[in-house]
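A.B. asks: Structure for this input, please:
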Amino acid sequence: MGIDNNSEPNIKIIKELQNPNDKYQLSFGNVVKAVDKQLESKSIKFIYESSNNYHRFNKYTLDLFLKFYNIKDNKKYAYVFAGIYRYSQQLVEFIVSEIKDNKNIIEHIKKQNKKR
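C.D. replies: Take a look at the predicted model:
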């Protein structure tokens, strides 16, 4: 092999390979637990009442977020391998931020979904 003198003199690495397991460490259930824990530790009010009077962030409310914000299609928050989704800590922070900005966000999401 020879050296091509016509090639670009500077080469830049655009992206570094990253193991998805390093970024997307949370399962669906772990996202629920992490959001609920942060809401409690930061004393962020969350208005939601399920049919059995449950007032905490749960799998149903996470599912509403995932669908409403198309989270599974956003590489910042979700990664799928072999049909199994894993989620990043950034998703937890996003959800907590949204709830902090609108403590009644679940009702808002439900209303918006009815309009669609």
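
A.B. asks: in this structure, which spans are strands?
C.D. replies: 78-81, 84-87 (DSSP state E).

A.B. asks: Give me the contacts around stretch 64-80.
C.D. replies: 20, 23-24, 85-88, 90-91, 94-95, 98, 106, 109-110, 112-113 (Cβ atoms under 8 Å, 6 or more residues apart in numbering). Where you see a C-beta, it was placed from the backbone N, CA and C, and this is true even at glycine.

A.B. asks: Inside helices: which ones of the residues you listed?
C.D. replies: 20, 23, 90, 91, 94, 95, 98, 106, 109, 110, 112, 113 (DSSP state H).

A.B. asks: Return a ChimeraX selection command for the buried portion of these.
C.D. replies: This is the ChimeraX syntax for the buried subset of the ones in helices among the contacts of stretch 64-80, where burial follows 16 or more other Cβ atoms under 10 Å:
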select :23,91,94,95,106,109
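
A.B. asks: which one of the strands of the chain is the most hemmed in?
C.D. replies: Scoring the strands of the chain by mean neighbour count under mean count of other Cβ atoms under 10 Å gives strand 84-87 as the most buried, with a mean of 17.

A.B. asks: Which residue in the ones in helices among the contacts of stretch 64-80 has the weakest pLDDT?
C.D. replies: Among the ones in helices among the contacts of stretch 64-80, residue 20 has the lowest pLDDT, at 66.
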